[in-house]
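Engineer: Give me a model of this one.
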Amino acid sequence: MALTVDIVGPDGVRWSGQASFVTAPAIGGSIGLYPAHEPFMAVLKAGNVAVDDLEGKRSLVPITGGFLSVYDDTITVIADSQDERGA
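Structural biologist: Here you go, the predicted model:
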């Protein structure tokens, strides 16, 4: 099983593809997502969305906040903005 992940912001798509695990900085604390996770939505704070692809490579996508939704093994992150210098 795999997750389909799309991280988008005002400047376009930052990361898109298949993943085995994702972590995100929710306002209530960091969340970790594997395939078959229950559907939900979360408000995100500044930090890094970490995506482990199917080959085990981790990508860090810095955001300044936004929203995350999970449904049917699809994760969508709508970022307020991205900071190329890191979060």
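Engineer: Contact partners for Ser69?
Structural biologist: Neighbour list for Ser69: Pro39, Phe40, Met41, Ile75, Thr76 [criterion: C-beta atoms under 8 Å, 6 or more residues apart in numbering]. Quick note: C-beta positions are derived from backbone N, CA and C, even for glycine.
Engineer: which one in the residues you listed is the model shakiest on?
Structural biologist: Least confident of the contacts of Ser69 in the model: Phe40, at 93.
Engineer: Correct me if wrong: that one contacts Leu33.
Structural biologist: No - using C-beta atoms under 8 Å, Phe40 makes no contact with Leu33, being 9.5 Å away.
Engineer: the more surrounded of those two?
Structural biologist: Leu33 (21 against 12; other C-beta atoms under 10 Å).
Engineer: overlap in contacts of Phe40 and Leu33?
Structural biologist: Joint contacts of Phe40 and Leu33 (C-beta under 8 Å, 6+ apart) are Val70.
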